[in-house]
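Trainee: let's see this in three dimensions:
(one chain, ligands or ions: 1)
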Amino acid sequence: MTILVVGASGATGKNLVEQLLKMGQEVKVIVRPSGKIPDSWIHEDKVAIIKANINETGVDEMAGYIKDCQAIASCLGHNMSWRGIYGKPRRLVTDAVRLLCDAIKKNPPETPVKFLLMNTAGNRNRDLNEPISFGEKLVIGLLRLLLPPHPDNEAAADYLRVNIGQNDSLIEWTVVRPDTLTNEDEVTEYKAHVSPSRSAIFNPGKTSRINVGNFMAKLITEDALWNKWRWKMPVIYNVEYQEEKR
Ligand SMILES: NC(=O)c1ccc[n+]([C@@H]2O[C@H](COP(=O)([O-])OP(=O)(O)OC[C@H]3O[C@@H](n4cnc5c(N)ncnc54)[C@H](OP(=O)(O)O)[C@@H]3O)[C@@H](O)[C@H]2O)c1
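Mentor: Below you'll find the predicted structure:
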């Protein structure tokens, strides 16, 4: 299988690529010319590196990059700097999701492409009843106003959920929602939930980036897992306490 990863130079994207390589997959990465990637990828036959700015890439050019890909994963996110948060492109993730979906439609695949979007436990799945308290509503309202990456994450997930939906013959999708991201060296036990089991605002859980990478890689390579989570927005947490394992 060949998988395109965008946001591959990021902290989670790198983990996803490494997990896919461990599973024997072929990976294409699109990274900015300034993006830093591990030296090992340069010498790795199973990694194809495309240097391009995704927000300056046209749909025909993208269609050329993805024509042999059976899955596409986005780990894009705004850099946590003033420019990354408040500068352009304000809709980095949403625009990339739309571009990639349009590019898939340019060369219709025989079987649907799996599309995986890394998102956040701070976003709700509006296909389900995911109630939040008045306090959470207030904080999320403020985040929408003051932190442009948050509405971008919401709009990107909504593009798949609403615009692509569950009846598209070319694209199947899942939106992976980790909680507070941490860095670990090894994959540890983690659990995927249909909806958040705790408040992302007032009682956040932890999700290591390597576990996000492992879960996304398994979704791509294991059809039973894919069939369980396609068209859903799994929330994943590291298993930290004995009682959570039950
Ligand atoms: N922080 C948290 O606790 C948390 C929790 C849940 C979800 N999330 C979400 O998780 C996602 C990824 O997190 P992360 O820590 O892995 O992110 P990260 O390390 O900052 O990686 C972001 C990726 O996006 C790319 N990118 C940023 N701006 C770009 C632009 N203008 N054009 C093209 N590429 C661009 C970066 O490329 P360069 O390497 O070239 O900069 C990098 O590959 C984010 O969407 C975030 O909202 C975060």
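
Trainee: is Lys114 in a bridge, and if so with what?
Mentor: Beta-bridge pairing of Lys114 under DSSP bridges involves Ala71, Glu172.

Trainee: to clarify, my last question referred to Ile236.
Mentor: Pro178, Ala192.

Trainee: would you list every one of the helices in this protein?
Mentor: Under the criterion DSSP state H, the chain contains helices at 11-22, 39-42, 59-66, 82-86, 92-106, 134-146, 149-158, 209-221, 223-229.

Trainee: ok, and what's touching the shortest one?
Mentor: Residues lying outside helix 39-42 but in contact with it, judged by Cβ atoms under 8 Å, 6 or more residues apart in numbering, are 17, 29, 47, 49. Where C-beta positions appear, they are placed from N, C-alpha and C, glycine not excepted.

Trainee: now it: buried residues?
Mentor: Trp41 (16 or more other Cβ atoms under 10 Å).

Trainee: near the ligand, which residues of this protein?
Mentor: 7, 9-13, 32, 34-35, 53-55, 75-79, 84, 89, 92, 118, 120, 149, 153, 178, 180-181, 209 (Cβ under 6 Å from any ligand atom).

Trainee: buried among these? Make that a ChimeraX selection.
Mentor: To isolate the buried ones among these in ChimeraX, judged by 16+ other Cβ under 10 Å, type:
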select :7,9,10,12,13,35,54,75,76,77,78,89,92,118,120,149,153,178,181,209
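
Trainee: and Glu240, what pLDDT?
Mentor: Turning to Glu240, the model gives it a pLDDT of 83.

Trainee: ok, it - contacts?
Mentor: Glu240 touches 205-206, counting by Cβ under 8 Å, 6+ apart.

Trainee: how about Gly77?
Mentor: 7, 10, 92-93, 118, 149 are the contacts of Gly77 under Cβ under 8 Å, 6+ apart.

Trainee: could those residues go into JSON lines alongside pLDDT?
Mentor: As requested, the contacts of Gly77 are exported to JSON lines (pLDDT from 0 to 100):
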{"residue": "Gly7", "pLDDT": "98"}
{"residue": "Gly10", "pLDDT": "97"}
{"residue": "Leu92", "pLDDT": "97"}
{"residue": "Val93", "pLDDT": "98"}
{"residue": "Met118", "pLDDT": "98"}
{"residue": "Pro149", "pLDDT": "96"}
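
Trainee: circling back to that earlier point, nearest to Glu189, out of the helices of the chain?
Mentor: Glu189 lies closest to helix 209-221 among the helices of the chain, at 8.5 Å (Cβ to Cβ).

Trainee: output the contacting helices and strands for that closest one.
Mentor: helix 11-22, strand 71-74, strand 113-118, strand 171-178, strand 180-182, strand 190-193, helix 223-229, strand 235-238 (3 or more Cβ pairs under 8 Å, 6 or more residues apart in numbering; DSSP states H and E).

Trainee: which residues does it contact?
Mentor: By Cβ under 8 Å, 6+ apart, helix 209-221 touches 1, 3, 11-12, 14-20, 22-23, 25, 71, 73, 75, 114, 116, 118, 174, 176, 178, 181-188, 190, 192, 225-226, 229, 234, 236, 238.

Trainee: any idea how far it is from the chain center?
Mentor: 10 Å (Cα atoms, centre = their mean, to the nearest Å).

Trainee: picking that back up, so for Ile201, which of the helices of the chain sits nearest?
Mentor: Across the helices of the chain, closest to Ile201 is helix 134-146 (Cβ to Cβ), at 4.9 Å.

Trainee: can you list the buried residues in that closest one?
Mentor: 136, 139-140, 143.

Trainee: name the nearest of those residues relative to Ala103.
Mentor: Looking across these and measuring by Cβ to Cβ, the closest to Ala103 is Leu143, at 30.2 Å.

Trainee: ok, now how distant is the nearest residue to the closest one once chain neighbours are set aside from Glu56?
Mentor: What sits nearest to Leu143 in space, not counting adjacent residues and going by Cβ to Cβ, 6 or more residues apart in numbering, is His150, at 4.3 Å. Distance, His150 to Glu56, by Cβ to Cβ, to the nearest Å: 24 Å.
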